[in-house]
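>>> My questions are about this predicted structure, shown below with the sequence.
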Number of protein chains: 2
Amino acid sequence: MAAVNDNYLKLQGSYLFQTVARKVREFEGSHPDVRLIKLGIGDVTQPVAPAVISALHRAVDEMGQAATFRGYAPDLGYDFLRAAIAENDYKKRGISIAEDEIFVSDGAKSDCSNIQEIFAQDSLVAVCDPVYPVYVDSNVMAGRAGDFDGDRRLYDRLVYMPCTEANGFVPDFPRVKPDLIYLCFPNNPTGVAITRDQLQAWVDYALKIGAVILYDAAYEAYISADSLPHSIFECSGAEDCAIEFRSFSKNAGFTGLRLGFTVIPKKLKLNGQSVHDLWARRHGTKYNGAPYIVQRAGEAVYSPEGSQQIQEQIAVYMKNAVYLKTALKDAGYTVYGGENSPYIWLKTPGGMSSWDFFDLLLNRLGVVGTPGSGFGPSGEGFFRLTAFGTYENSQEAIGRIRSLEL
Amino acid sequence: MAAVNDNYLKLQGSYLFQTVARKVREFEGSHPDVRLIKLGIGDVTQPVAPAVISALHRAVDEMGQAATFRGYAPDLGYDFLRAAIAENDYKKRGISIAEDEIFVSDGAKSDCSNIQEIFAQDSLVAVCDPVYPVYVDSNVMAGRAGDFDGDRRLYDRLVYMPCTEANGFVPDFPRVKPDLIYLCFPNNPTGVAITRDQLQAWVDYALKIGAVILYDAAYEAYISADSLPHSIFECSGAEDCAIEFRSFSKNAGFTGLRLGFTVIPKKLKLNGQSVHDLWARRHGTKYNGAPYIVQRAGEAVYSPEGSQQIQEQIAVYMKNAVYLKTALKDAGYTVYGGENSPYIWLKTPGGMSSWDFFDLLLNRLGVVGTPGSGFGPSGEGFFRLTAFGTYENSQEAIGRIRSLEL
C-alpha cells in the first residue's frame, strides 16, 4: 500500500505567504472598493530593465532559427553567464571563485530548499529566529526537524538562534553544535545586515565545530556600507565551510523570470567527500537548467547599460526604504532594517500581536504587510514592510498608518 | 560535524547522459575533422515554432512595462496556461481534469525526480528495466533504493520489471507488490507504446494492491494510432491511483525553454491524505513557478497556428523515425520502436555489448547513440537512436552504419 511522506503532515498551517495571500484575497472579495497597498510579499514592482529586455528579445530570436536554436542547456549553466558572475560578483570584489564553482538555477528559493538533500539525514540544523520559512519547511519535509512543539511554536529537533533587539538581530552562537547553519544577510525578514567581522566570527566558529554555513545573500545588492560583506567568501576560510545562494530577483527584478545561482567551492569537503560533486550530481539528475533566454537576460544584468539601469532600480527601492523608516520613526514606531536592505522591521504598537497588527492594517487601513510571528516565535511583536512598492504607495501607506492612534 | 547524504555515494558512475557527453567531448577533442552525427541524447533540433516565438516576444515586452510587468507567478501556474492544458490535452479527449489538478513546472524531469519526496520513505518502488535513469537515481538519492548489487547491476531494494522482446517491452506485473510504479509510454528508451487495454490492466492492478502509478507521458504527442492512450486518465479508475507527467520538450521543442506539468487528481488519496495537497505544499515551499514568458510560450502551443506548426515539427521527426527503422531493418538489424515514438531501439549486431557498439559507432563511424545497458541490465545488447536529428543527418547516419560488416 502506498503511503505519503508523513513528515509533510508535521508542517504547520500553510506556507506563510500563502496564508497572507488568502487573507488578502478574502478582503478584496468583500471590499472591492478599497485600494490595497501591498507591502507584504517581497515582490518587486519595477519592470525589467531595458538592457535585459533587449537581451531577451535577441535570445528569443535565436530560439526561432535553426542555426541558433538551443536545446538542453549545460546542467550547471551556460559558460557566458557563469563567467559574468565570477567576474562581476566575485573577482571585482577580490574574491576568487572559479566559474565551475557556480551553479546556475531557477532561483535561490529552489536552491535553498533543495540544498539540505545532499547532507546527512541526521544533520542538526540551526536557523535564525525569525527565519525565512523555506529553510525550516524544507527540513521538516525531509524529516530532519523533528516534531512541532505547539507550546513553544518550535520544531523540537531544530536549533533556533533568536535574533532580537538585545543582540541587534545578529544571532549568538548556539549552545549545542549544529551541523548545518542557515544564515541570511542582509536578513529577511529583519532587514538587518551583518558586519564583515561578525560574519568572520561565524566562519571561524563553523570551521572550529565542523559545520557548514548555508549563506543566503539574496539581498546583497542593497548593501551600500563598506563594512558590510556582499559575500561570505570575503571571509577567510569560508571556502572550507560555506555555500552561498544568490538571486537575480531582488537586484534585477527577476521574480517572474526566475534566475539564481549557488556557489560551492571545490575546497568544501566533508570527510573527504566533495560537496561540490554531490550538488553537481543532484543538478544533473533532478534539473535541466534555467532557460537559455533567461540566462542571456542574466548576462545582460552585468553589461554596462544593464548594470547602470539596475543600480537605478535599487536606488528607487532604497529611497522607499529610507522614507518608510524615517516616517515610521517620526510617527513613534520603533523601526529596524531599511538600511542596506529593502526590508523594514517594526515593533507593533502597544505590544499588539503580529497577526492582530496584520489584521488591523489590512481591515482598517487596507495596508498589507507580513506578520513577524509568521517567521518564528522571536518575530512575535514585529511586522515586516517591504520597500519594493512604488514611492507613491509607500507614501500612501504611511499616510494611512499615521491615522492610527498609537 | 556536518556530513553528506551517503545515499548519494551509492549512485553508480555519473548520470548516463553525462558519460555519453564526456566520451563525445573526448572524441571531438582528438578528431576535430570528423563531423559527428548525434542521435544520442533526446534533444530536439528544430527551432521553436513561429507562433511560440511571437508569444515570447509579446510576453517579454509586457515584462518591460510597469503596467504589464509580472513578478512572482502563482505557485501552481498561471490560469491561462492551466486552462489551455485542461481544455486541449484532456477535455478534447473526453477526460475530465480540473485546472487546479494541473501543476505547471520547469519540466517533467524535475517533477519525475521530485515526486518521490511526497511518498513514504519505506515505499517499495517498481521501475521498468530498461528505464529512464532519473526514476532510479532520484530514489537512490532519497535512500529508497537500497544498495547497488554489482553482480546483478541492480539496486537491491528496487523492483525491476524487465521489458524484453519476450513481453513486447511492456512489463508483466511484478511478483512482489510495489507501492510506487513508474511507467513511461510511449517508452523511453525502447520506443514502444502501450495499448489502452494494457494500461487499463495496470490501473486495475494498482487499484487492487493500493499502489500509485507515476505515469510519464512525455512522448504522447508522437502517438498516431487510435488504440494507444495519450493519457493514463483515459483509463477508468486512474484518478484514484495515478499521477501523470507531461512535457513541452518533445512535442514543442522546449528543451531549452523548460516547461512541463504534472496532473494529480484530487481524488487520489492515501490513507485519507490528499496527494494533491502534499504536492501543492511542496510546489509552494520549494519552487517559485515557471517564468511568465515561458508560460505564455506554452499557451501559444495550443493556439491554432501553434498547434499546426507543432504538428508539422512532429511529422518531421516521425519521418526520420520511419526512415531510420526501415533502413536499419533493410540493413539486417532487429529494430523496435519508431512508431508512435521518436525512439529507435535496435539490437546490437552479433551479440555485441551496448557500450562496445557505442564505442564502435562513435570511433569508427562518428555516429552517437545511447547504449541500452545504460538504461538497465535488460537494455544490454540494445542501442537507442533518436529521430530528433535532421533528415539529412539521419540519412548520413544510416549510410555510415550500412558500411559496417554485420
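Ah, there it is.
>>> residue boundaries of the helices in chain A?
For chain A, the helices defined by DSSP state H cover A:16-30, A:50-63, A:79-85, A:108-114, A:133-141, A:196-209, A:249-252, A:275-286, A:292-301, A:304-330, A:354-360, A:391-402.
>>> so which of those helices gets nearest residue B:219?
helix A:275-286 (20.1 Å; Cβ to Cβ). C-beta: built from backbone N, CA, C; applies to glycine.
>>> Briefly note if the closest one comes near chain B.
Yes: remark: helix A:275-286 sits within contact range of chain B at A:275, A:278, A:281-282, A:284-286, by Cβ under 8 Å from any Cβ of the partner chain.
>>> Mind giving me the packing neighbours of that helix?
Helix A:275-286 sits against strand A:102-105, helix B:108-114, helix B:133-141, with contacts defined as 3 or more Cβ pairs under 8 Å, 6 or more residues apart in numbering or on different chains; DSSP states H and E.
>>> could I get the ones you listed as CSV with mean pLDDT?
Shown next, in CSV, are those (pLDDT from 0 to 100):
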stretch, mean pLDDT
strand A:102-105, 98
helix B:108-114, 97
helix B:133-141, 97
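>>> Tell me which of these sits nearest to residue A:170.
Ranking the helices and strands packed on helix A:275-286 by proximity to residue A:170 (Cβ to Cβ) places strand A:102-105 first, at 27.4 Å.
>>> So in that sheet, which strands flank that closest one, and in what orientation?
Note on strand A:102-105: by DSSP bridges, its sheet partners are strand A:260-263 (antiparallel).
>>> How far does the strand it pairs with sit from its chain's centre?
12 Å (Cα atoms, centre = their mean, to the nearest Å).
>>> State the mean pLDDT of stretch A:185-193.
Mean pLDDT, stretch A:185-193: 97.
>>> Check whether it comes near chain B.
No: shown here: stretch A:185-193 not in contact with chain B (Cβ under 8 Å from any Cβ), separated by at least 14.3 Å.
>>> on that earlier part again, what is the nearest of the residues of helix A:275-286 next to chain B to chain B?
Chain B lies nearest to residue A:286 out of these, by Cβ to the nearest Cβ, at 3.9 Å.
>>> In the stretch 301-406 of chain A, where is pLDDT below threshold?
Residue ranges of the stretch 301-406 of chain A with pLDDT under 70: A:406.
>>> can I get the helices of chain A in TSV with distance to residue A:176 and mean neighbour count?
Below are the helices of chain A laid out as TSV (distance: least, Cβ to Cβ, whole Å; neighbours: other Cβ atoms under 10 Å in any protein chain shown):
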stretch	distance to residue A:176	mean neighbour count
helix A:16-30	26	15
helix A:50-63	45	21
helix A:79-85	36	19
helix A:108-114	23	24
helix A:133-141	16	23
helix A:196-209	10	18
helix A:249-252	32	25
helix A:275-286	22	20
helix A:292-301	39	26
helix A:304-330	36	17
helix A:354-360	28	19
helix A:391-402	41	17
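>>> how about those helices in CSV, adding distance to residue B:177?
Compiled in CSV, those are given as follows (distance: least, Cβ to Cβ, whole Å):
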stretch, distance to residue B:177
helix A:16-30, 36
helix A:50-63, 46
helix A:79-85, 47
helix A:108-114, 31
helix A:133-141, 26
helix A:196-209, 46
helix A:249-252, 45
helix A:275-286, 27
helix A:292-301, 44
helix A:304-330, 56
helix A:354-360, 47
helix A:391-402, 58
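>>> on that earlier part again, any idea which of the residues of helix A:275-286 next to chain B is closest to residue A:114?
residue A:282 (7.1 Å).
>>> what does the model give the closest one for pLDDT?
pLDDT, read off for residue A:282, is 96.
>>> quick one: contacts for it?
Residues near residue A:282 by Cβ atoms under 8 Å, 6 or more residues apart in numbering or on different chains: A:114, A:117-118, B:8, B:141.
>>> still on that earlier bit, is it possible to get a markdown table of the helices and strands packed on helix A:275-286 that adds distance to residue B:236?
Formatted as a markdown table, these follow (distance: least, Cβ to Cβ, whole Å):
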| stretch | distance to residue B:236 |
| --- | --- |
| strand A:102-105 | 40 |
| helix B:108-114 | 24 |
| helix B:133-141 | 25 |
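>>> can you tell which of those is closest to residue B:315?
helix B:108-114 (22.4 Å).
>>> Using CSV, write out every CA atom in that closest one.
Only the C-alpha atoms of helix B:108-114 are listed here, as CSV (Å, rounded to 0.1, in the frame of the first residue of the first chain):
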residue,chain,number,x,y,z
ALA,B,108,9.0,16.7,-16.5
LYS,B,109,12.5,15.8,-15.4
SER,B,110,12.2,18.0,-12.3
ASP,B,111,8.8,16.6,-11.5
CYS,B,112,9.6,13.0,-12.1
SER,B,113,12.6,13.3,-9.8
ASN,B,114,10.9,15.3,-7.1
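>>> All set, thanks.
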